[in-house]
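# Predicted structure and sequence below. I'll ask about it afterward.
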2 protein chains.
Amino acid sequence: MANSADILESLNRYPPAASGSIAYNFLVPNLKGLENLLRAYDAALPTKSEDPASLQHRDAPLTPPPSPKPGQMASEPAPITSTQHPNAMGSAPLEQFSKPSLDPPHTYEISVFLAATEAFSRANTNCSIAESIDRCKAIISLAKSRSLPVRGYVSVALGCPYEGPSTPPSEVAEITASLLEMGVDEVSVADTTGMGTAPKTRELLKALFAAGISPNDLALHFHDTYGQALVNAVVGLEHGIRTFDSSVGGLGGCPFSKGATGNVSTEDLVHCLHSLGATTGVDLEEMSRIGGWISEELGRPNESRAGKAILSRLNS
Amino acid sequence: MANSADILESLNRYPPAASGSIAYNFLVPNLKGLENLLRAYDAALPTKSEDPASLQHRDAPLTPPPSPKPGQMASEPAPITSTQHPNAMGSAPLEQFSKPSLDPPHTYEISVFLAATEAFSRANTNCSIAESIDRCKAIISLAKSRSLPVRGYVSVALGCPYEGPSTPPSEVAEITASLLEMGVDEVSVADTTGMGTAPKTRELLKALFAAGISPNDLALHFHDTYGQALVNAVVGLEHGIRTFDSSVGGLGGCPFSKGATGNVSTEDLVHCLHSLGATTGVDLEEMSRIGGWISEELGRPNESRAGKAILSRLNS
């Protein structure tokens, strides 16, 4: 994976053609990472007045209003939302990097993550949960001083590859509450291993609410490793959660969770949400085309069942 | 696909090694098919007293009690259950073909199917729904005269490749009621195209119940083409359905429904049922091994997410 600062510089230099706002999320593993990112961020600011010639990649029509991001319900009051793996990109309004003509602007946020088990924390971040919380505190503090929105992740919340399928919900609730107290704008509670089930999801949400956490401050992040992601998402919906992470074509995985697949696919999730009457603002046929395209580009099987079925119908 | 009569003869000649009862279901497209099957069935009866040498394939240990079939809840009073595509095999007690030492015996049932839309009926069976019902009447009558259990299927109940996603629930209820009135022991209501969603499944079940049909006379048969099969199955469970069709490794498909995948995989369904506290009697690890094996034998990708995740864990 390229360095976040390099990605930011590249994005600023060659902003992708887009008809709406693109929201970028940078996963920040430590304070040094954020400092490097902020240097690139500050260096990028002068491009506001750069020569139009540098805008050659911005050749798409500008057609506001922008669609909400996949996984974000259009009817919701602009939650900070990511539809991807913590190691990928996400969203939230911040500052306009590029020319005023690019309206709405690209937006930026950062993400921090904690694990819900000590063993996963050691494997993934090489430190204890307590040390990890201290690291996050410094990152969040600096980010907030620059008015950068911050999203927190709590991984292995419904099962850990090292400690087994029964992550204590009270632990998850405690870590989630710590992140919110430190100032994160939203916490995505992640079923990294896909071991989550409907009853476990229900129990976890009850523990989070019992700890005084509002559904508006939460997102749910399911991996479809055991095929239960949509069943679990429906439980989340029933409990008032309105922000769900997903990835187009089901891309992703986790190097620390053997056999883990990517997030639940955006196409399957959106198909399910639409079937339940939700307005997502996502064009499911276009999303399916993107899933087919990127899977082919990456030489990976398209893991979205709905995506494949829709593509098959479109191509018939 | 081999002729049903040939399959029955072969099964009788070389019964597969098994520690429990194996239930066979023969899909019967017309009266001639049943007559041929019955000839093979009658011809097979003398093998009850055949020489032990012919039992060379029965080399597995006999370890009663037998496990319930995949998709059949152990706590249920022996419903007639299939876990496979209508074009495959299923279950129900009938008569012992082979030596008394093979206890419990292999069992047999037949299946008939109707479509819920005229267009699919024409494409799949080359006749109208009304003509199809007449054909079924003769088949069911002959089968019942021989005390053969009969399972009915109603295909495209939640969407049709020709008539679109909105199959009228009242039509499905009417055809289901007709099958039950003609004497079938159970009707499997099939989402052949995978277009079913949670609200549509709920609406369909309400229409079936409003027509006086009991959940005990119903099975649900979901294809995971759009990834919604488990969400729909949970809706079925909530409405009292206890019999679900599935196929190991998600095998199957439908030649008349472009892009259709197989049934929801047995492994994903059983994982979901177990997570909800149901007792199925299925050893999920063994089922996952079977799914991996048969997918490899057939040179098809293993379509079960739970199966692949469990195999990955077992092989790590």
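It's in. The shown structure was predicted, so the numbers you read here are calculated from the model rather than taken from an experiment.

# What residues sit buried inside the helix or strand bottoming out on mean pLDDT in chain A?
Every helix and strand in chain A was compared by mean pLDDT, DSSP states H and E; the lowest is helix A:4-13, with a mean of 81. For helix A:4-13, a neighbour-count test (16 or more other Cβ atoms under 10 Å in any protein chain shown) marks A:Ser4, A:Ala5, A:Ile7, A:Leu8, A:Glu9, A:Leu11, A:Asn12 as buried. Every C-beta, even on glycine, is put in place using the N, C-alpha and C of the backbone.

# and the spatially closest residue to the third one that is not a sequence neighbour, what element?
It refers to A:Ile7. Leaving aside its sequence neighbours, A:Ile7 sits nearest to A:Phe26 (Cβ to Cβ, 6 or more residues apart in numbering or on different chains; 7.5 Å). In this assignment (DSSP states H and E), A:Phe26 forms part of strand A:23-27.

# Alpha carbons only: can I get that strand in PDB?
Taking Å, rounded to 0.1, in the frame of the first residue of the first chain, the C-alpha atoms of strand A:23-27 are listed here in PDB:
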ATOM      1  CA  ALA A  23     -14.500  11.700   0.100                       C
ATOM      2  CA  TYR A  24     -11.100  10.400   1.100                       C
ATOM      3  CA  ASN A  25     -10.200   8.600   4.300                       C
ATOM      4  CA  PHE A  26      -6.700   8.100   5.500                       C
ATOM      5  CA  LEU A  27      -6.000   5.400   8.000                       C
END
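
# In the sheet, which strands lie alongside it, parallel or antiparallel?
strand A:107-115 (parallel) (DSSP bridges).

# Check the offset of the partner strand from the chain's centre.
Distance, stretch centre to chain centre, for strand A:107-115: 8 Å (Cα atoms, centre = their mean, to the nearest Å).

# Next, the angle helix A:4-13 makes with that strand.
Relative orientation of strand A:107-115 versus helix A:4-13 (axes from the mean of the first three to the mean of the last three Cα atoms, to 10 degrees): 160 degrees.

# quick one, what contacts the residue of the stretch 51-200 of chain A found nearest chain B?
Residue of the stretch 51-200 of chain A nearest chain B, by Cβ to the nearest Cβ: A:Thr197 (3.4 Å). By Cβ atoms under 8 Å, 6 or more residues apart in numbering or on different chains, the residues touching A:Thr197 are A:Leu158, A:Gln228, A:Val231, A:Asn232, B:Cys272, B:Ser275, B:Leu276.

# So the fifth one belongs to a strand, correct?
No: looking at B:Cys272 with DSSP: H, G, I helix; E, B strand; the rest coil, it is helix, so not inside a strand.

# quick one, what contacts A:Asp217?
Listed by Cβ under 8 Å, 6+ apart, the contact partners of A:Asp217 are A:Leu180, A:Glu186, A:Val187.

# surely the second one meets A:Thr243?
Yes: at 7.0 Å, A:Glu186 counts as touching A:Thr243 under the criterion of Cβ atoms under 8 Å.

# How about the residues of the stretch 151-300 of chain A by chain B?
With Cβ under 8 Å from any Cβ of the partner chain as the criterion, the stretch 151-300 of chain A meets chain B at residues A:194, A:197-200, A:224-228, A:230-231, A:234, A:258-259, A:261, A:265, A:267-268, A:271-272, A:275-277.

# of the residues you listed, buried ones?
Buried members of these, scored by 16+ other Cβ under 10 Å, are A:194, A:197-198, A:200, A:224-228, A:230-231, A:234, A:259, A:261, A:265, A:267-268, A:271-272, A:275.

# I'd say A:Asn263 and A:Gly249 touch.
No: assessed by Cβ under 8 Å, A:Asn263 is found out of contact with A:Gly249, at 10.0 Å.

# dump the residue contacts of A:Glu174.
A:Ala211.

# er, A:Ala173 actually
Counted by Cβ under 8 Å, 6+ apart, A:Ala173 has contacts A:Ala207, A:Leu208, A:Ala210, A:Ala211, A:Ile213.

# Quick one, which of these are buried?
If we count by 16+ other Cβ under 10 Å, the contacts of A:Ala173 have these buried: A:Ala207, A:Leu208, A:Ile213.

# Let me know the angle separating the top helix by length along chain A from strand A:107-115.
Assignment by DSSP state H gives helix A:129-145 as the longest helix of chain A. Per the same axes, to 10 degrees, the angle that helix A:129-145 makes with strand A:107-115 is 170 degrees.

# The following helix or strand past helix A:129-145: how far from the chain's middle?
Remark: after helix A:129-145, the chain's next helix or strand is strand A:150-155, criterion DSSP H and E. Its chain's average C-alpha position is 9 Å from that of strand A:150-155, according to Cα atoms, centre = their mean.

# buried stuff in the following helix or strand past strand A:150-155?
Where DSSP H and E defines the elements, the next helix or strand beyond strand A:150-155 is helix A:169-181. Neighbour-count burial for helix A:169-181 flags A:Pro169, A:Glu171, A:Val172, A:Ala173, A:Ile175, A:Thr176, A:Ala177, A:Ser178, A:Leu179, A:Leu180 (criterion: 16+ other Cβ under 10 Å).

# do stretch A:145-164 as well
For stretch A:145-164, burial by neighbour count (16+ other Cβ under 10 Å) applies to A:148-163.

# dump the residue contacts of A:Gly227.
B:Leu230, B:Ser265, B:Glu267, B:Asp268, B:His271, B:Cys272, B:Ser304, B:Arg305, B:Ala306 are the contacts of A:Gly227 under Cβ under 8 Å, 6+ apart.
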